[in-house]
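# Provide a 3D model corresponding to the input given below.
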Amino acid sequence: MTVTAALRRPMSAALGRRARLRWVHLLLGGALSMPFYLLTNTLVSLVRPDGNILFSTSLVRQFGVLLLALGPVAVTALHPLVRPFEGEAARVLCGVPREALALEPGRSWAARGRTAAWCALHLAVGAVVSGMSLATPPAALYLIVLPFLGGPGKLAEVAWLRFFTGPGVLLAPVAGCALLALVVGTSWAAGSLLARWAPVLLGPTAADRLAAAEEHAHRLALRNRLARELHDSVGHALSAVSLQASAARRVLDHDPEFARQALAAIEEAAREAVGELDAVLGLLREDGSSPTAPAPTLADVGGLLERTRAAGGTVECALPPGGLEKIPPVPSREAYRIVQEGLGNALRHAGGVPVRLRVAVHDDTLEILMENPVKPGVTAGVPRPGGGRGLTGIAERARLLRGTSEAGEHDGVWRLSARLPLRGEAR
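All right, here's what the predicted structure looks like:
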């Protein structure tokens, strides 16, 4: 039983499903090598005095033509689309893990060079195994049945059959089985060789890994930007709507006019939120079209202050004398979001306390300062359950513009400040 189990393992490795698929992969390489072999043979026959050597019995000549044919193979394999084709074949037939291969077209010359080396190896080894798979089994079967035929007869003049004349004919079946074992062993070894080298030659290059890392970082930055925009725009609108709805409910019976004003403010806040949501979701459009509603800037801060006051907040605002329209669009847009988040935090955590907002421009720097008293019993800086992302978003916005931001309590006053450069590219 132990001997049977010991024999079963190598037989399974040599004749199992994976070995058979790798043999098919080798035959594919042999089939792909034939056009290049025939082309090279034709060119060689034009310069050789003894003519065509396609059917030459000299193995040296056949292998010489095969080696010359690997040149056109390598040149053809420089095409970018060869790598995904060969990679998929290695994944399916050789059992190479998907993560070990680069299945995208080869863009860099390093990737193309590796693909060319792989194709040369695949087609060369495949041609040898294909030749053995075609020529060896008939010869092996002939040797196995040779004792029953009474010897090679007239074929005894063939050089390799002279060993199996007379008493040597009894060794013919052994030689035939050995030939079959040679084909199987060569196929297994060649398949294992290609499976080992596939990740090296068809795997991602350093440039591929760098491009993948940059793409991942870009997707992460886009997700963070979407999270910030949604939190600041929709979150502020929902906070204002919640406060306005609560106030309208409390005074609905004895002050219907105020309730109508609150409902109108809710309608306006919802309309603004829908517009900003459309602008944010425009970032997700695959066609690359621009958002239908432009992102608000500091020039729109007046409407933001009106909605905040309608929600029950009190805002004292000091703006630069030159106006806000001349501020460049990128810092102006980010500054608007910072002010929006600051006002939203004041509404959510402090209620109707007065908020002082100051926007100033000094040289090439935009400064924002917001202050409001901290209500007794409220611990400043402690986020509510599920929240606490607003200050993080403000800090990220400032860093993207190479600016700074600070937030914290000082002597019973919550202070939020940000400094944004007006010139220079964002990170």
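
# which residues in the protein form strands?
For the chain, applying DSSP state E gives strands covering 314-318, 354-362, 365-373, 404-410, 413-421.

# for the first one, what does the pLDDT average out to?
Spelled out, that is strand 314-318. Per-residue pLDDT over strand 314-318 has a mean of 87.

# what residues sit buried inside that strand?
For strand 314-318, the neighbour count (16 or more other Cβ atoms under 10 Å) marks Val315 as buried. The C-beta positions use only the backbone N, C-alpha and C, and glycine is treated the same way.

# then the third one?
For strand 365-373, burial by neighbour count (16+ other Cβ under 10 Å) applies to Leu366, Glu367, Ile368, Leu369, Met370, Glu371, Asn372.

# quick one: contacts for Val200?
Val200 sits next to Arg114 when contact means Cβ atoms under 8 Å, 6 or more residues apart in numbering.

# got the confidence number for it?
As summarised for this prediction, Val200 has a pLDDT of 92.

# so where's the stretch 1-150 of the chain shaky on pLDDT?
For the stretch 1-150 of the chain, applying pLDDT under 70 flags the ranges 1-8, 11, 48-57.

# try 90
In the prediction, the stretch 1-150 of the chain carries residues with pLDDT under 90 at positions 1-17, 40-65, 99, 102-104, 106-108, 110, 135, 139, 142-150.

# Leu59: how many residues sit nearby?
Residues within reach of Leu59, counting by other Cβ atoms under 10 Å, total 9.

# again, but for Ala140
Other residues lying near Ala140 total 20 when counted by other Cβ under 10 Å.

# Ser130 versus that one, what's the distance?
For Ala140, the distance to Ser130 under the criterion Cβ to Cβ, to the nearest Å works out to 16 Å.

# now Leu141: how far from Leu149?
Between Leu141 and Leu149 the computed distance is 12 Å (Cβ to Cβ).

# the helices in this protein, which residues?
Assigned by DSSP state H, the chain shows helices spanning 2-15, 17-47, 59-76, 82-94, 109-145, 172-202, 206-251, 256-281, 301-310, 329-349, 390-400.

# can you give me the mean pLDDT across the last one?
Think helix 390-400. Helix 390-400 shows a mean pLDDT of 83.

# by contact count, what packs against it?
Helix 390-400 sits against helix 206-251, helix 329-349, strand 404-410, strand 413-421, with contacts defined as 3 or more Cβ pairs under 8 Å, 6 or more residues apart in numbering; DSSP states H and E.

# okay, angle between that helix and strand 404-410 too, please.
Between the axis of helix 390-400 and that of strand 404-410 there is an angle of 150 degrees, by axes from the mean of the first three to the mean of the last three Cα atoms, to 10 degrees.

# centre of the chain versus helix 390-400, how much separation?
Chain-centre distance of helix 390-400: 27 Å, with Cα atoms, centre = their mean, to the nearest Å.

# try the third one
From the chain centre to the centre of helix 59-76 is a distance of 37 Å (Cα atoms, centre = their mean).

# now the angle from that helix to helix 82-94?
Taking the same axes, to 10 degrees, one finds that helix 59-76 is oriented at 120 degrees with respect to helix 82-94.

# which outside residues touch helix 59-76?
Contacts with helix 59-76, where a contact means Cβ under 8 Å, 6+ apart, come from 33, 36-37, 39-41, 44, 53, 56, 82, 116-117, 119-120, 123-124, 127.

# just want the angle from that helix to helix 17-47.
Taking the same axes, to 10 degrees, helix 59-76 and helix 17-47 form an angle of 100 degrees between their directions.

# pull helix 59-76 out as CSV, backbone CA atoms only.
Taking C-alpha atoms only, helix 59-76 is exported to CSV below (Å, rounded to 0.1, in the frame of the first residue of the first chain):
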residue,chain,number,x,y,z
LEU,A,59,18.7,17.9,-35.7
VAL,A,60,21.5,20.5,-35.6
ARG,A,61,20.1,22.3,-38.7
GLN,A,62,16.5,22.1,-37.4
PHE,A,63,17.5,23.6,-34.0
GLY,A,64,19.6,26.2,-35.8
VAL,A,65,16.6,27.4,-37.8
LEU,A,66,14.5,27.3,-34.6
LEU,A,67,17.0,29.6,-32.8
LEU,A,68,17.1,32.0,-35.7
ALA,A,69,13.3,32.1,-35.7
LEU,A,70,13.3,33.3,-32.1
GLY,A,71,14.5,36.7,-33.4
PRO,A,72,11.2,37.5,-35.2
VAL,A,73,9.3,36.0,-32.3
ALA,A,74,10.9,38.5,-29.9
VAL,A,75,10.3,41.4,-32.2
THR,A,76,6.6,40.5,-32.6
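
# right, so of the strands of the chain, which gets closest to Ser12?
Closest approach to Ser12 among the strands of the chain is made by strand 404-410 (64.8 Å; Cβ to Cβ).

# which residues are in contact with that closest one?
Contacts of strand 404-410 from elsewhere in the structure, counted by Cβ under 8 Å, 6+ apart, are 338, 374, 380-381, 391, 394-395, 397-398, 414-419.

# do you know how far the closest residue to Gly303 other than its chain neighbours is from Leu400?
Once flanking residues are discounted, Gly303 sits nearest to Glu272: 7.2 Å by Cβ to Cβ, 6 or more residues apart in numbering. Distance, Glu272 to Leu400, by Cβ to Cβ: 24 Å.

# no further queries at this time; thank you.
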